[in-house]
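Peer 1: Give the three-dimensional model of this entry:
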Amino acid sequence: MRADSPKGTSKAVVLSAVLHLGIVGFLALAVVPCSFYENLFETLHLPASWNPITCTKPVSLQGEIIEAELVGVTGAPPPKSSATKAKPVPETVPPPPSVPPPPSEETPKIKTLPPPPEHPDTKDQEKVVAEGIQKAEDAKKEQEEKQRQRAAELDAQAAKQKKLEEQKKIDELFAKMDAADKSVKAAQSKANQAKQQLADLKNAQDNGVDNVPYAAQKQTGSNGPDAGLRAQYLAAIQNTLKQNWVGPDNMPANQQCLLHIVQLPGGQVVSAKVDSSCPFDEAGRKSVEDAAMRANELPYKGFESVFSRNVDMFFKP
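Peer 2: Here you go, the predicted model:
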């Protein structure tokens with residue numbers, strides 16, 4: 001029999017319908033809970049062993065019933081429906097670093113100048129050019145003036161520095177000359193003192209008068225007729241001044257200078273001043289005054305009765 005005959009077609013349809021009904025029945029039996037079958041067999045008073053679908057019985061343990069309340073995960077509320085989307089879990093592995101693209105060489109933009117006017121104003125252009133030239137010349141002059149001022153300042157500083165160096169050299173030269181002059185004077189003074197001391201040692205002799213310096217010839221004051229104690233006192237002062245006098249070589253030998261001396265009891269010299277009538281020059285006058293100050297103490301012992309605080313006497317080299 002061919003399958004495309006009317007009889008074969010009807011048979012296939014019937015078999016297909018039976019198959020679909022079986023599938024639907026199987027699905028219905030699978031959907032129905034196990035408690036339905038247990039209640040059905042119990043209602044029909046059929047043995048439970050005939051029931052192919054039985055519910056799982058809970059495990060029963062011996063002992064008393066324990067009442068407990070579920071907590072934790074077991075007592076947690078039922079999970080939400082699967083319709084709620086779960087939050088995506090971030091990946092633990094970081095994405096690879098993005099490498100920036102190499103900079104592209106940009107083509108420089110060329111500014112397009114506006115087209116020149118059809119009828120340019122030549123006067124304005126000439127004015128602009130003249131102003132530009134004038135500004136350039138002014139800037140050049142200002143720069144030249146600054147350079148001249150800077151050069152003048154440098155020249156002034158150099159001249160000042162040169163002058164300071166020259167003045168320093170001159171000061172050093174004068175200092176050396178002063179030092180040499182002082183050395184010469186000191187050597188001359190030492191030579192005169194040594195010469196005087198040698199002459200004193202050569203001609204040393206006792207003049208027979210207590211505390212009276214040596215003199216080549218016994219003098220009585222001013223070579224006058226007074227031979228008393230006062231004349232001896234002035235002669236002793238004269239001899240003391242000559243021993244301490246160091247004067248220049250050009251001193252006149254036949255002239256004498258009036259000297260005013262102020263002293264204390266004991267012969268200590270307080271001051272010595274030549275009279276204005278003294279014929280000596282400045283160096284000679286100073287040498288006479290220095291002789292009295294250098295002596296420091298004049299003869300006193302033995303002349304207490306004729307002592308005078310102010311003594312005026314003529315000094316002759």
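Peer 1: How many residues are close by Cys18?
Peer 2: No Cys there; residue 18 is Val. 10 (other CB atoms under 10 Å). The C-beta positions use only the backbone N, C-alpha and C, and glycine is treated the same way.
Peer 1: and it, what is it in contact with?
Peer 2: Contact analysis of Val18 by CB atoms under 8 Å, 6 or more residues apart in numbering lists nothing.
Peer 1: So it versus Phe26, what's the distance?
Peer 2: Look at Val18 and Phe26: by CB to CB, to the nearest Å, they are 13 Å apart.
Peer 1: Tally up the residues packed near Asp138, please.
Peer 2: Asp138 has 10 neighbours, counted by other CB under 10 Å.
Peer 1: Retrieve the pLDDT associated with it.
Peer 2: In this model, Asp138 is scored at 93, pLDDT.
Peer 1: Dihedrals phi and psi, Thr43?
Peer 2: Dihedral pair for Thr43: phi -70, psi -40, per degrees, to the nearest 10.
Peer 1: give the contact list for it.
Peer 2: Shown in contact with Thr43 (CB under 8 Å, 6+ apart): no residues.
Peer 1: any idea how far it lies from Asn250?
Peer 2: Note on Thr43: its distance to Asn250, by CB to CB, is 177 Å.
Peer 1: just Leu258 next, same as before
Peer 2: In this view, Leu258 and Asn250 are 20 Å apart by CB to CB.
Peer 1: the more surrounded of those two?
Peer 2: The residue with more neighbours, out of Leu258 and Asn250, is Leu258; 16 against 8, by other CB under 10 Å.
Peer 1: I'd say the more buried one and Asp275 touch.
Peer 2: Yes: Leu258 is within contact range of Asp275, at 3.8 Å (criterion: CB atoms under 8 Å).
Peer 1: in stretch 307-317, what counts as buried?
Peer 2: By neighbour count on 16 or more other CB atoms under 10 Å, the buried set for stretch 307-317 is Phe307, Val311, Met313, Phe314, Phe315, Lys316, Pro317.
Peer 1: List the contacts of the last one.
Peer 2: It stands for Pro317. So Pro317 contacts Trp245, Gly247, Met251, Pro252, Ala253 (CB under 8 Å, 6+ apart).
Peer 1: Helix, strand, or coil at the first one?
Peer 2: Judged by DSSP: H, G, I helix; E, B strand; the rest coil, the three-state class of Trp245 is coil.
Peer 1: ok, it - contacts?
Peer 2: By CB under 8 Å, 6+ apart, the contact list for Trp245 reads Ser287, Val288, Asp290, Ala291, Phe315, Pro317.
Peer 1: Out of the residues you listed, which is nearest to Gly267?
Peer 2: Ala291 (14.7 Å; CB to CB).
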